[in-house]
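Asker: Quick one, fold the following:
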Amino acid sequence: MANLKSLAKDTAIYGLSSIAARFINYLLVPIQTAKFNAAGGQYGIITNVYAYVALLIVLLTYGMETTFFRFMSKEGENPDKVYATTLKMVGATSLLFMAVVILFNQPLAALLGYADHPEYIMIMYVTVAIDAFAAIPFAYLRCKHRPIKFAVLKMLNITFNIVLNLLYLVVLPYFKLNPFGIYDANFTLDVVWVFYINFFCTVATLLLLWKELSGIRHSFDMGTCRRMLGYTFPLLIMGLAGQLNQCASQIIFPYAFDGTAEEARTQLGIYGACIKIAMIMVMITQAFRYAYEPFVFGKSKDKDNKDTYAKAMKFYIIFTLLAFLAVVGYMDVLRYVVGRSYWEGLEIVPIVMAAEIMFGIFFNLSFWYKLTDRTIWGAYFSGIGAVVLIVMNILLIPHFSYWACAWAGFVSYAVSMVVSYYFGQKYYPIAYPMKEILFYIAVALVLFAAITASNKYLPTLFALAANTALILVFLAIIVKRDFPLSKLPVIGKRFKK
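Answerer: As a prediction, this is how the structure comes out:
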């Protein structure tokens with residue numbers, strides 16, 4: 001139980017900072033979707049370019065975060081040598097990538113559909129290379145259990161981003177100020193400035209990691225490098241396949257959509273804006289991952305490790321289901337996160353959220369092959385999911401637009417999750433409390449149906465009141481079954497009397 005409390009503490013710090021940072025980042029969505037109307041397609045450009053960036057960050061880190069944790073806790077490895085070797089490996093590949101982008105910027109831009117705007121590709125691909133390198137000192141902070149500094153730096157990055165977006169998208173145009181000649185006669189700002197802002201924030205964050213970067217002074221070890229590459233290669237394949245599940249739809253969409261390029265960007269912008277509301281699941285999964293990954297490798301030698309993993313899975317599912325119901329229940333409020341011109345796509349949010357829950361479950365299931373050094377299995381599972389997603393997108397986008405993207409992600413994660421569970425129970429069996437997990441899922445589905453009916457048939461205020469009551473029902477069930485008030489400090493004393 002003490003181990004779970006430690007996990008909960010780190011998750012809380014990572015989680016609160018992640019939620020706070022994401023909440024601040026959410027402010028970018030109403031700002032950008034208000035500034036860039038859906039019909040203009042600019043937000044579709046942002047969605048498309050960032051999809052490539054998400055895939056590239058996986059390619060440029062090539063699984064070295066997880067590999068770094070594994071080797072830092074592995075017997076016979078020198079931690080200083082592991083850290084320095086990791087920094088130099090990722091630093092070298094990031095520099096090489098930047099050189100390729102600079103030399104071949106125009107052909108790359110033309111290939112991706114931005115021949116008229118190669119600066120989009122230049123600035124964002126250089127940014128992602130810097131981001132990939134910064135991922136290693138951030139991993140070092142997690143390894144050393146320094147969640148406070150980790151959280152502060154992540155929040156500063158996003159705070160810089162939101163302030164600069166407000167300045168350039170709202171404040172300067174409002175006061176008709178054009179100090180650097182970046183606006184046209186109508187004070188319209190090209191979308192490239194959103195990318196320049198991201199670049200500045202990324203560089204500033206890297207500079208704030210200067211103490212952690214001092215670890216690079218230790219010697220590079222070729223033997224360590226070879227061992228780490230042998231471990232990480234399957235993780236790279238798995239990571240690419242997994243990230244394809246996250247962003248392939250946004251990449252494929254402009255090519256598969258049955259319409260003009262402008263229509264494709266409009267529809268993609270609607271999809272990209274609306275899935276931002278579903279990103280609360282990404283927050284929870286990310287916060288859990290930041291704490292859980294070093295926790296799992298550190299606890300791998302304990303006798304009760306499997307029991308702890310089973311309980312962690314159960315509580316992850318419980319709280320993501322609660323978050324799911326909360327988002328659906330307050331959709332009439334949360335829809336204001338995006339501009340009105342994007343509201344037509346809000347019905348896909350529950351589908352995307354359910355897919356993200358399954359992705360989190362798949363991530364929790366993934367540790368059986370990481371702990372047994374069978375990382376190639378992760379590549380198989382993610383690869384199967386990626387194939388399902390890509391095929392569904394190609395076949396269905398021409399007929400169903402962004403609805404195809406939402407359902408393709410749902411089916412893809414479901415397949416990866418089920419296959420991983422099946423083989424995990426065969427090679428590293430864990431007694432997950434399936435009856436309890438299925439009970440919570442069943443209750444959540446019933447409440448989801450009730451909330452959906454409430455949103456459809458009741459006036460907004462009555463629907464919000466009814467949905468609050470339904471969410472409280474789920475919360476009461478959680479408290480009664482797994483967090484009885486009698487066991488809580490201070491409060492519990494009153495219930496025992």
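Asker: Quick one: the strands in the stretch 51-200 of the chain, in order.
Answerer: For the stretch 51-200 of the chain, applying DSSP state E, counting those that start in this stretch gives no strands.
Asker: Okay, now the unreliable bits of it?
Answerer: By pLDDT under 70, the stretch 51-200 of the chain has no low-scoring segment.
Asker: let's see 90
Answerer: The model of the stretch 51-200 of the chain has pLDDT under 90 over residues 54, 63, 65-67, 69-80, 113-116, 139, 141-152, 154-162, 165-166, 168-194.
Asker: Let me know the distance separating the closest residue to V191 other than its chain neighbours from L172.
Answerer: Spatial nearest neighbour of V191, chain neighbours left out: Q42 (4.7 Å); criterion: Cβ to Cβ, 6 or more residues apart in numbering. In short, each C-beta sits where N, CA and C put it, glycine included. Separation of Q42 from L172 (Cβ to Cβ, to the nearest Å): 17 Å.
Asker: okay, the two: which has more neighbours?
Answerer: Taking neighbours as other Cβ atoms under 10 Å, Q42 and L172 compare with Q42 leading, 22 against 18.
Asker: pLDDT at the more buried one, what is it?
Answerer: Here, the pLDDT recorded for Q42 equals 88.
Asker: so it touches L268, yeah?
Answerer: No: taking contacts as Cβ atoms under 8 Å, Q42 lies outside contact range of L268: 11.0 Å.
Asker: for this protein, which helix is longest?
Answerer: Taking DSSP state H as the criterion, the chain has its longest helix at helix 222-256.
Asker: packing partners for whatever helix or strand comes next after that helix?
Answerer: Toward the C-terminal end, the helix or strand that comes next after helix 222-256 (DSSP states H and E) is helix 261-274. Judged by 3 or more Cβ pairs under 8 Å, 6 or more residues apart in numbering; DSSP states H and E, helix 261-274 is in contact with helix 28-35, helix 42-61, helix 222-256, helix 402-427.
Asker: how about these in CSV, adding distance to L458?
Answerer: Formatted as CSV, these follow (distance: least, Cβ to Cβ, whole Å):
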stretch, distance to L458
helix 28-35, 26
helix 42-61, 31
helix 222-256, 33
helix 402-427, 25
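Asker: And those: which comes nearest L141?
Answerer: Closest approach to L141 among the helices and strands packed on helix 261-274 (Cβ to Cβ): helix 42-61, 15.2 Å.
Asker: before we move on, back to that, among the helices and strands packed on helix 261-274, which is nearest M392?
Answerer: Per Cβ to Cβ, nearest to M392 of the helices and strands packed on helix 261-274: helix 402-427, 3.7 Å.
Asker: And the closest one, what does it pack against?
Answerer: Counting contacts by 3+ Cβ pairs under 8 Å, 6+ apart, helix 402-427 is packed against helix 222-256, helix 261-274, helix 349-365, helix 367-371, helix 376-400.
Asker: among these, where is the model least confident on average?
Answerer: helix 367-371 has the lowest average pLDDT among these, namely a mean of 73.
Asker: Where does R374 sit: helix, strand or coil?
Answerer: Secondary structure, DSSP: H, G, I helix; E, B strand; the rest coil: R374 is coil.
Asker: If I look at it, what pLDDT would I see?
Answerer: 76.
Asker: what's near enough to touch the residue nearest to it when sequence neighbours are not counted?
Answerer: Nearest residue to R374, sequence neighbours excluded (Cβ to Cβ, 6+ apart): Y427, at 7.1 Å. When contacts are counted by Cβ atoms under 8 Å, 6 or more residues apart in numbering, Y427 is found next to 368-369, 372, 374.
Asker: any idea which of those has the most stuff around it?
Answerer: Result: Y369 is most packed of the contacts of Y427 (other Cβ under 10 Å), 24 neighbours.
Asker: OK, contacts around it?
Answerer: Contacts for Y369 (Cβ under 8 Å, 6+ apart) come out as 375-378, 424, 427-428.
Asker: now the residues you listed as CSV including distance to E77?
Answerer: Shown next, in CSV, are those (distance: Cβ to Cβ, whole Å):
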residue, distance to E77
T375, 17
I376, 21
W377, 23
G378, 22
G424, 26
Y427, 25
Y428, 23
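Asker: re earlier: elements contacting the longest helix of the chain?
Answerer: Against helix 222-256 (3+ Cβ pairs under 8 Å, 6+ apart) you get helix 42-61, helix 64-72, helix 79-103, helix 261-274, helix 376-400, helix 402-427.
Asker: Closest to the centroid, which residue in this structure?
Answerer: Closest to where the C-alpha atoms of the chain average out (Cα atoms, centre = their mean) is V282, at 4.5 Å.
Asker: element containing that residue?
Answerer: Assigned by DSSP H and E, V282 falls in helix 280-299.
Asker: how about the very next helix or strand once past that helix: buried residues?
Answerer: As assigned by DSSP H and E, the chain's next helix or strand after helix 280-299 is helix 305-329. By 16 or more other Cβ atoms under 10 Å, the buried positions in helix 305-329 come out as 305, 308-318, 320-329.
Asker: got it, and stretch 404-418?
Answerer: Residues 404-410, 412-417 are the ones in stretch 404-418 that count as buried (16+ other Cβ under 10 Å).
Asker: any idea which of these is the one closest to P254?
Answerer: Nearest to P254 among the buried residues of stretch 404-418, with distances taken as Cβ to Cβ, is C405, at 11.9 Å.
Asker: residues near the closest residue in space to Y196 that isn't next to it in sequence, how many?
Answerer: Distances taken as Cβ to Cβ, 6+ apart place I123 nearest to Y196, at 6.0 Å, with adjacent residues excluded. Counted with other Cβ under 10 Å, the neighbours of I123 add up to 21.
Asker: where's I123 relative to D116, distance?
Answerer: Taking Cβ to Cβ, one finds I123 at 15 Å from D116.
Asker: Same question for T202.
Answerer: From T202 to D116 the distance is 25 Å (Cβ to Cβ).
Asker: These two: which is more packed in?
Answerer: A count of neighbours by other Cβ under 10 Å puts T202 above the other of T202 and D116, at 21 against 9.
Asker: now the strand or helix carrying the more buried one, how far from the chain's geometric center?
Answerer: Assessed by DSSP H and E, T202 sits inside helix 192-207. Helix 192-207 sits 19 Å away from the centroid of its parent chain (Cα atoms, centre = their mean, to the nearest Å).
Asker: buried set for that helix?
Answerer: Along helix 192-207, these residues count as buried under the neighbour rule (16+ other Cβ under 10 Å): 192-199, 201-202, 205-206.
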